[in-house]
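Novice: The sequence and its predicted three-dimensional model are supplied below.
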Amino acid sequence: MVTQQTHNKGSVLGAVVLVAIFSALLFLPTAPNTVSKSSEVGFVSLSPNGVSGGVIIPASCESGAGEGGVAHFAGDTSGNCFVGNACAPNPNPAGFGSACTSAANACGQTQSNGTIQCNGSCSSTPPAISSCPATTASLSASPNPIVRNGRSTLTWSSTNATSCTAGGPWSNLTPPTGDALNGSGLTDPLTADTTFTFQCTGLAGTSPLASVTVGVLPTANLLAEPNPIDSGQSTRLKWRSTNATSCTAAGGFSTGGAVNNSTGVLVGPLTQNPTENPTVFAITCTGLGGSVNANTSVTVLQPDASITASPLRVTAGTASTITWSASQVTSCSVASNPLGFSGVGLVDSKSATINTQTTFTITCQTNGAPISKSVTVNVIPIFQEF
């Protein structure tokens, strides 16, 4: 079949003449208004869509339905087929339809998923700021824990940050100004557990909050009141701690977990144990900075006193030697009945003239009730004959 195609009604006659001159063109049948391709390469036909409109172009170029359902061809007289001018009425820009790379975002990232548009721009947009590398912040302390009134070195660092801020008592350090992205420095002297924070902001947003708590080693003190005590007496254990969250006990009493107790826990009555004297009590207090032990020794006394006389029997008007001693007491005094003799001290010896039966008593003060011991010197009776 010979097919004649036209778009310009005024040039139909000329097209018929041209077709007759170059012989008939054979086209495959196509449905109306569809794109088709000629089955005869090297033949030409009229196409108003040619380079100059209405010129002869290769019949093998793709065609599509045009005005009124008439097929149009796209090509040039050099035998090259080309896509129609998508940017009409303006010419297609150089590289139109080619792959291209987007502009860079704030952190220099690009993406290459676009094509060149009619205005010469790339259809690809810069990656979202959220795709920039994450902003990070870190903070550490060494040594940690520290002793009371000690100082620790804080070390801070960041990545992909433009500014940083700090929280806590950083009076001796740089970050409170917000200018230091990386650095280190000593804390002020610390008396309690102290938390420091560090956070940075960058193109991708704000970093998670970094924090470190510098622990101060706990202190503990344990005492017993009264101390020492006499056998059979009781005492109260009192304790105090700092930077501790709990305290436990050893030695036969309980703290109940309390970190301070100024009233005291009553322990006793206690008896003297010659192999374990004094009696030891202890506490262990624990805090963020670690644990510390404290102990106290309770001395349990066994007061004792003795007094002797030599000789125990004398003739009236003669002397007897009074000897006394005491241990684990605070003080002693010696007196006689009838009166006339006295002595002081824990250990001593004195001579006493005996005219009648006389009792000597030593009285010693202790942590509890006084103790006393006595001795009696008798006079040898004299018998007279009547």
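Specialist: Alright, I've got the coordinates. Numbers count the residues shown, from 1 in each chain.
Novice: now stretch 234-247, how far from the centre of its chain.
Specialist: With C-alpha atoms, centre = their mean, to the nearest Å as the basis, stretch 234-247 stands 28 Å off its chain's centre.
Novice: ignore the last one, stretch 314-328
Specialist: Relative to its parent chain, stretch 314-328 has a centroid offset of 77 Å by C-alpha atoms, centre = their mean.
Novice: what about it, average pLDDT?
Specialist: Across stretch 314-328, pLDDT averages out at 95.
Novice: Report the contact partners of the nearest residue in space to Asn227 that is not next to it in sequence.
Specialist: Leaving out its chain neighbours, the residue that sits closest to Asn227 by C-beta to C-beta, 6 or more residues apart in numbering is Val298, at 5.2 Å. (Glycine included, C-beta is placed from N, CA and C.) By C-beta atoms under 8 Å, 6 or more residues apart in numbering, the contact list for Val298 reads Ala224, Asn227, Pro228, Ile229, Thr235, Val267, Leu270, Pro278, Thr279, Val280, Phe281.
Novice: Now do the same contact list for the third one.
Specialist: Which is Pro228. Pro278, Val298, Thr299, Val300, Leu301, Asn367.
Novice: Hmm, Val379 is touching Leu312, no?
Specialist: No: applying C-beta atoms under 8 Å, one finds Val379 not in contact with Leu312, separated by 10.7 Å.
Novice: higher neighbour count, the two?
Specialist: Using other C-beta atoms under 10 Å as the criterion, Val379 and Leu312 rank with Val379 on top: 17 against 11.
Novice: Which helix or strand contains the residue nearest in space to the middle of the chain?
Specialist: For the chain, Val212 is the residue whose C-alpha lies nearest the centre (C-alpha atoms, centre = their mean; 4.6 Å). Per DSSP states H and E: Val212 is located in strand 210-214.
Novice: tell me the average confidence for that strand?
Specialist: Per-residue scores along strand 210-214 average to 95.
Novice: Just checking: what are the partner strands of that strand?
Specialist: Under the criterion DSSP bridges, strand 210-214 sits next to strand 194-202 (antiparallel) in its sheet.
Novice: So what pairs up with Val212 in the strands?
Specialist: Phe196.
Novice: what residue ranges in the protein score low on pLDDT?
Specialist: For the chain, the stretches flagged by pLDDT under 70 are 1-84, 171-179, 274-276, 384, 386.
Novice: so where do the helices sit in it?
Specialist: For the chain, the helices defined by DSSP state H cover 12-21.
Novice: and the residue nearest to the centre of the chain, what does it touch?
Specialist: Val212 neighbours (C-beta under 8 Å, 6+ apart): Leu139, Ser140, Ala141, Asn144, Leu154, Thr195, Phe196.
Novice: let's go with 7 Å and repeat that
Specialist: Contacts for Val212 (C-beta atoms under 7 Å, 6 or more residues apart in numbering) come out as Leu139, Ser140, Ala141, Phe196.
Novice: Just among those, which is most surrounded?
Specialist: Phe196 (23 neighbours).
Novice: my read: it touches Gly168, true?
Specialist: Yes: look at Phe196 against Gly168 with C-beta atoms under 7 Å: they come within range, at 3.8 Å.
Novice: and the gap between the closest residue in space to Thr235 that isn't next to it in sequence and Leu339?
Specialist: For Thr235, ignoring the flanking residues on the chain, the nearest one in space by C-beta to C-beta, 6+ apart is Ala224 at 4.6 Å. Applying C-beta to C-beta, to the nearest Å, the value for Ala224 to Leu339 is 41 Å.
Novice: Looking at those two, which is more packed in?
Specialist: Applying other C-beta under 10 Å to Ala224 and Leu339 shows that Ala224 carries more neighbours, namely 22 against 8.
Novice: Quick one: the strands in the stretch 101-250 of the chain, in order.
Specialist: 114-115, 136-142, 153-159, 163-167, 183-186, 194-202, 205-206, 210-214, 219-225, 229-230, 233-242, 246-250 (DSSP state E, counting those that start in this stretch).
Novice: can those strands go into a markdown table with extra columns for distance to Phe96?
Specialist: Below are those laid out as a markdown table (distance: least, C-beta to C-beta, whole Å):
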| stretch | distance to Phe96 |
| --- | --- |
| strand 114-115 | 8 |
| strand 136-142 | 44 |
| strand 153-159 | 42 |
| strand 163-167 | 44 |
| strand 183-186 | 54 |
| strand 194-202 | 38 |
| strand 205-206 | 38 |
| strand 210-214 | 51 |
| strand 219-225 | 80 |
| strand 229-230 | 105 |
| strand 233-242 | 78 |
| strand 246-250 | 77 |
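Novice: Among those, which comes closest to Ala86?
Specialist: Using C-beta to C-beta as the measure, strand 114-115 is the one of those that comes nearest Ala86, at 11.3 Å.
Novice: in its sheet, what does the closest one sit against?
Specialist: Paired with strand 114-115 in the same sheet, following DSSP bridges, are strand 99-100 (antiparallel).
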